[in-house]
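Participant: Dropping a prediction and its sequence here:
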Number of protein chains: 2
Amino acid sequence: MEQELTIQQVAEATGLSTHTLRYYERCDLIAPIHRDNNGHRRYSARDIAWIQFLTKLRMTGMPIRQIQQYATLLRQQPDAVQARREILESHRQKVITQLQKLQENLTVIDWKIQHYKAIEENLSQTFPQPNSPLLKGN
Amino acid sequence: MEQELTIQQVAEATGLSTHTLRYYERCDLIAPIHRDNNGHRRYSARDIAWIQFLTKLRMTGMPIRQIQQYATLLRQQPDAVQARREILESHRQKVITQLQKLQENLTVIDWKIQHYKAIEENLSQTFPQPNSPLLKGN
DNA sequence: GCTTGACTTAGAGTGTGCTCTAACCCTTAG
DNA sequence: CTAAGGGTTAGAGCACACTCTAAGTCAAGC
């Protein structure tokens, strides 16, 4: 029941490399993983759940330092739920800001694409109009 | 009319540092800027418009290498509108994917925050329920 | 005429997050 | 018995995007 996975299997399951998994453990993003009698890592379901969540934090741009704090809190003060929630909520705000900026910038890029499309339309006309105002911006 | 700005003024206007402005020029993200008779850079309105757009590309994660390509195309083949549009559309797709992933991951973080809130509620009850199933996940 | 301050350059240094290497240890198959 | 194929470690190396430094030029104000 309590099947523990090898580092290879975890790498496949999480999309991280074995290098990265060991690196995260060294950095204390992951608590020391249980070893088999060979000294090889054996990851529990709990470990994997945590790795999957930490990957989401990384993918939303949380720096490794801050994940360290969160992970340490999780291990050393499992009852300090509020402290962990506060970290997450502060990060949440950053992600939302990031999303908004991304949207705004995407809109500008979209405009430019539309602008280019208009120019292309114009150029492909049978009787192109020279000095079209559309040719101004780059 | 044709007021040209100093590097300081451009730094303020764009939010980039003077270091970064010079670095971008060295990397060919920005065409060589016109100099006054002192050798100091004088940025035209056109330069600033480009810097503002390139900043949007950077902020959406376009690598400097790719902006180089776009910028080179812009300078060397101003008529190659389609080629530039294709670069932008390919980038646009990446940004959209990025946005989706970000949203998904944000949702997971939101769940976790909600989960923590539920635990906090639970703990603050007058008659706390021991071993609540809510305490399982971390 | 000298100091101050903004500019110039080439090139070195930094921070972040991996990514890889070298040397070694086990276990298993031939 | 030995070679292949997985794992281990500490630590070096790399990619990216800045960021800073040192040494110099120039113009204006005191």
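Facilitator: Done, it's in. Since the model is a prediction, treat every value here as computed from it, not as a measurement.

Participant: In stretch A:73-88, which residues are buried?
Facilitator: Neighbour counts over stretch A:73-88 (16 or more other CB atoms under 10 Å in any protein chain shown) mark A:Leu74, A:Val81, A:Arg84, A:Arg85, A:Ile87, A:Leu88 as buried. All C-beta atoms are positioned from the backbone trio N, CA, C, and that covers glycine.

Participant: Out of those residues, which comes closest to B:Asp36?
Facilitator: Nearest to B:Asp36 among the buried residues of stretch A:73-88: A:Ile87, at 50.3 Å, using CB to CB.

Participant: Just the pLDDT for that closest one.
Facilitator: The model reports A:Ile87 with a pLDDT of 98.

Participant: swap in the one 3 residues further on?
Facilitator: For A:Ser90, the pLDDT comes out at 98.

Participant: and chain A, which residues reach DNA strand D?
Facilitator: A:Thr6, A:Ile7, A:Gln8, A:Thr18, A:Arg22, A:Arg26, A:Gly39, A:His40, A:Arg41 (CB under 7 Å from any atom of the strand).

Participant: Can you say which of those are buried?
Facilitator: A:Ile7, A:Arg41.

Participant: Quick one: residues contacting the residue nearest the centre of chain A.
Facilitator: Nearest to the mean C-alpha position of chain A, by CA atoms, centre = their mean, lies A:Met59 at 0.7 Å. Contacts for A:Met59 (CB atoms under 8 Å, 6 or more residues apart in numbering or on different chains) come out as B:Lys101, B:Leu102, B:Asn105.

Participant: How about the last one, nearest residue that isn't a chain neighbour?
Facilitator: Nearest in space to B:Asn105, with sequence neighbours left out and distances taken as CB to CB, 6 or more residues apart in numbering or on different chains, is A:Lys56 at 4.4 Å.

Participant: Name the residues of chain A found near chain B, please.
Facilitator: A:49-50, A:53, A:56-57, A:59-60, A:74, A:78, A:81-82, A:84-85, A:88-89, A:91-92, A:95-96, A:98-99, A:101-103, A:105-106, A:108-110, A:112-113, A:116-117, A:119-120, A:123, A:137-138 (CB under 8 Å from any CB of the partner chain).

Participant: Would you mind finding the longest helix in chain A?
Facilitator: Using DSSP state H, we find that the single longest helix of chain A is helix A:81-123.

Participant: Show me what that one packs onto, helices and strands only.
Facilitator: The contact analysis (3 or more CB pairs under 8 Å, 6 or more residues apart in numbering or on different chains; DSSP states H and E) places helix A:81-123 against helix A:64-76, helix B:45-59, helix B:81-123.
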